[in-house]
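Visitor: quick one: sequence plus predicted model below, questions after.
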Amino acid sequence: MTTRPPSRRARALALIAAVSATVLALTAPVALGDEIPLAPGHRLVDSYIGGPATAVPVPGEAPPQHPYLAPNGRSGMHADAAGSGTHPFPGPLGKAPAVDSEKIAPLGGECATVTFDSGGRLVTVCGTFSGFLLKLLDPRTLDTLAEYQLPQRSSTVEAITRLDFEKIFKDTSGGAYFYLDDRDRVVLADSRQHVLRIAHRQKPDGGWEFAVENDWDLTPLVPHDCVSWTNLFPSGVCDPVTSVMPDWQGRIWWITRLGRVGTVDPATGTLRAVRLDGEEIQNSFSVAEDGISIVSDHALYSFRADPDGTPRIQWRQEYDRGTGTKPGSVNQGSGTTPDLFGQRGARYVAITDNADDRMNVLVFRRGTDVAAADRLVCKVPVFGAGASTTDNSLISWGDSLIVENNYGYQNPGSLTLGRSVVGGVTRVDVRPDGSGCDTVWQSDVRSPSTVPKLSTVNGLLYFYEKRPNALGIDAWYLTAVDFRTGKRVWQRLTGTGTAYDNNWAPITLGPDGTAYVGVFNGIVAVRDTA
């Protein structure tokens, strides 16, 4: 008797059964108030290095307040519509700083974008293997006040079924980028290619809950044959939505990984979109009154919307995308969300390129009246030859830009056993007359993958640092750096082990002076106690 090999469908069903127990174990509930466990070795490393800082505000003009976003510093991953990475809050000065943490899931649970509602509560999205969780957290205890389950991303299913966890670590879709609007509502795109507007409110019993107010379905314009537990072998195209942001007229703009740029009219639900053929978008985008700034893996764009909402290119600027994806980059292209900045009426936009030998900081003039030959302000090479890349947004304040080196970081397993990255942080300033740029200082800070931040109130830059350790201890520190000099001021140990790797999540400064860091197992808070 001849035995037939199992059919494709039978193999798929068997695979589902095989991984079900694993998935259930990974996504089991975590007890309220569980702290993230420390790996061995935390008693063998310094818990605090340096000394307290004195607050010295930095001069400069804050980015314009967007009329449809929460106040600057509270609204999204990059703090404001301009993508500046700056907060008008003090941040810890290093005065006996204490560390708290909240474990979100047994494996995973990283809380990436953190925003703050008008009451100072944290509104965040945390990634687990069962799907993203929209959470409302108490700013002091980190206790969960409310939770809303978002759909599981196709990359998670692919990672589990194909044992390729790079699928997760290089996926920026599904709600990782979201914004808080001017009415404390979350706006995000989930993994079903739907844009959701979600409010949170207090119930009569004093508890809190999330409620979906609007659900705009993008699937008429976005291919959506994606991997799922019921569709393990799709034959069509899946184009995840990367990010959403509002323009100055209140339209909601959205971008997809495969180069679609679109809008939603919140009043009518009308959808419009165009396609950047052959281009990929993996980062978020920035917004000013003069347009929408988007960077693909080929070019930097400025968009506006036609009266019917159709996106229209105002100008396009190619850059050196190199010949491949570097370790420390998600794709072959710029890893930055554009920064919109400029003093004394100047209007600049900054990104980095992906040049093979040394990455460059690029500053361009914005505006439709700028001649192509005059658009580039400067091109400044940063970090060492053959070892420079970043997949995080620049910090921009005044005429200054801060860039960190992520070369060598790939996922939470790439820095175990005491390993680190080559590191480096550089400050580049645009000259007051706009004639070019100059390197102000260079630092050896090793910040593998965080989105750093600047407190304009105390003049400190905040990085999430891991330095090499000969004993194989994986120690992670919140590091404060002087904006003016580039010198480390103080470092506070947050934890040890892979669970404390921040894996591309940002540092976020809260209104009460706390610094929050999304890490692989949840979220960490560092605050002064003296």
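Guide: Cool, got the structure. Residues are numbered from 1 along each chain as shown.
Visitor: how far away is the closest residue in space to Ala55 that isn't next to it in sequence from Gly322?
Guide: Sequence neighbours aside, Asn458 is the residue nearest to Ala55 in space, at 3.7 Å (criterion: Cβ to Cβ, 6 or more residues apart in numbering). Placement of C-beta: from N, CA and C, glycine included. Distance, Asn458 to Gly322, by Cβ to Cβ, to the nearest Å: 37 Å.
Visitor: these two: which is more packed in?
Guide: Counting neighbours by other Cβ atoms under 10 Å for Asn458 and for Gly322 shows that Asn458 has the greater number, 22 against 18.
Visitor: is the residue lying closest to Val241 once chain neighbours are set aside in a bridge, and if so with what?
Guide: Using Cβ to Cβ, 6+ apart and skipping the chain neighbours, the partner closest in space to Val241 is Ala189 (3.6 Å). Using DSSP bridges, the beta-bridge partners of Ala189 come out as Val195.
Visitor: I'd assumed Ile252 was in contact with Ala189.
Guide: No: at 9.3 Å, Ala189 does not count as touching Ile252 under the criterion of Cβ atoms under 8 Å.
Visitor: any residues in contact with both of those two?
Guide: Taking Cβ atoms under 8 Å, 6 or more residues apart in numbering as the criterion, Ala189 and Ile252 both touch Val195, Val244.
Visitor: what about those two, which has more around it?
Guide: Ala189 (28 against 23).
Visitor: quick one: residues contacting that one.
Guide: Ser173, Gly174, Gly175, Val195, Leu196, Leu218, Val241, Thr242, Ser243, Val244, Trp254.
Visitor: from the residues you listed, pick the one nearest Asp306.
Guide: Using Cβ to Cβ, Trp254 is the member of the contacts of Ala189 that lies nearest Asp306, at 16.3 Å.
Visitor: thought that closest one was touching Arg272?
Guide: No: the criterion here is Cβ under 8 Å, and Trp254 misses it with Arg272 at 10.5 Å.
Visitor: related to what we said a few turns ago, farthest-separated two in the contacts of Ala189?
Guide: Longest span within the contacts of Ala189, Cβ to Cβ: Leu196 and Thr242, 15.1 Å.
Visitor: helix or strand for the closest residue to Gly291 other than its chain neighbours, just tell me which one.
Guide: Take Gly291 and drop its neighbours on the chain: the residue closest to it by Cβ to Cβ, 6+ apart is Ser302, 4.5 Å away. Assigned by DSSP states H and E, Ser302 falls within strand 299-305.
Visitor: buried residues in that strand, which are they?
Guide: Ala299, Leu300, Tyr301, Ser302, Phe303, Ala305 (16 or more other Cβ atoms under 10 Å).
Visitor: just name the closest of the residues you listed to Ile281, please.
Guide: Looking across the buried residues of strand 299-305 and measuring by Cβ to Cβ, the closest to Ile281 is Tyr301, at 9.6 Å.
Visitor: quickly find the element holding the nearest residue in space to the closest one that is not next to it in sequence.
Guide: Leaving aside its sequence neighbours, Tyr301 sits nearest to Ile294 (Cβ to Cβ, 6+ apart; 4.7 Å). Element membership for Ile294, per DSSP H and E: strand 291-295.
Visitor: relative to strand 299-305, how tilted is that strand?
Guide: With axes from the mean of the first three to the mean of the last three Cα atoms, to 10 degrees applied, the angle from strand 291-295 to strand 299-305 works out at 150 degrees.
Visitor: parallel or antiparallel, list what pairs with strand 291-295.
Guide: Going by DSSP bridges, the partners of strand 291-295 are strand 286-288 (antiparallel), strand 299-305 (antiparallel).
Visitor: reformat these as a markdown table; add distance to Gly94 and mean pLDDT.
Guide: A markdown table is the format used below for these (distance: least, Cβ to Cβ, whole Å; pLDDT from 0 to 100):
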| stretch | distance to Gly94 | mean pLDDT |
| --- | --- | --- |
| strand 286-288 | 31 | 98 |
| strand 299-305 | 37 | 98 |
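Visitor: looking at those strands, which is closest to Thr529?
Guide: Nearest to Thr529, of the strands paired with strand 291-295 and by Cβ to Cβ, is strand 286-288 at 35.8 Å.
Visitor: residues of that closest one that come out buried?
Guide: Ser286, Val287, Ala288.
Visitor: so Ile168 sits in a helix?
Guide: Yes: counting by DSSP: H, G, I helix; E, B strand; the rest coil, Ile168 falls inside a helix.
Visitor: surely it and Ala159 touch.
Guide: Yes: using Cβ under 8 Å, Ile168 is in contact with Ala159, at 4.8 Å.
Visitor: which parts of the stretch 301-450 of the chain are strands?
Guide: Secondary structure of the stretch 301-450 of the chain, counting by DSSP state E, counting those that start in this stretch: strands at 311-318, 339-341, 348-352, 360-365, 376-381, 395-397, 400-404, 425-430, 437-443.
Visitor: so which elements touch the last one?
Guide: It refers to strand 437-443. With contacts taken as 3 or more Cβ pairs under 8 Å, 6 or more residues apart in numbering; DSSP states H and E, strand 437-443 sits against strand 376-381, strand 425-430.
Visitor: and the last one with strand 400-404, angle?
Guide: Strand 425-430 and strand 400-404 meet at an angle of 150 degrees, taking the same axes, to 10 degrees as the criterion.
Visitor: circling back to that earlier point, just the ones in helices from the contacts of Ala189, please.
Guide: The members of the contacts of Ala189 all map outside helices under DSSP state H.
Visitor: closest to Arg484 out of those residues?
Guide: Ser243 (32.5 Å).
Visitor: mind listing what the closest one touches?
Guide: Thr172, Tyr177, Ala189, Trp254, Ile255, Asn283, Ser284, Phe285.
Visitor: roughly how far does Arg316 sit from Val517?
Guide: With Cβ to Cβ as the criterion, Arg316 and Val517 are 36 Å apart.
Visitor: quick one: the helices in the chain, in order.
Guide: Secondary structure of the chain, counting by DSSP H: helices at 8-26, 154-162, 166-169.
Visitor: return the set of buried residues in the second one.
Guide: By neighbour count, and taking 16+ other Cβ under 10 Å as the criterion, the buried residues in helix 154-162 are Ser154, Ser155, Thr156, Val157, Glu158, Ala159, Ile160, Thr161.
Visitor: redo those residues as TSV? Include distance to Leu44 and pLDDT.
Guide: Supplementary listing: the buried residues of helix 154-162 in TSV, determined by distance: Cβ to Cβ, whole Å; pLDDT from 0 to 100:
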residue	distance to Leu44	pLDDT
Ser154	42	87
Ser155	36	85
Thr156	35	86
Val157	40	88
Glu158	38	86
Ala159	33	82
Ile160	35	83
Thr161	39	84
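Visitor: least confident secondary structure element in this structure?
Guide: Every helix and strand of the chain was ranked by mean pLDDT, DSSP states H and E. The lowest is helix 8-26, at a mean of 38.
Visitor: return the residues in contact with the residue lying closest to Glu102 once chain neighbours are set aside.
Guide: Using Cβ to Cβ, 6+ apart and skipping the chain neighbours, the partner closest in space to Glu102 is Leu142 (3.7 Å). Going by Cβ under 8 Å, 6+ apart, Leu142 touches Asp100, Ser101, Glu102, Leu122, Ile523, Ala525.
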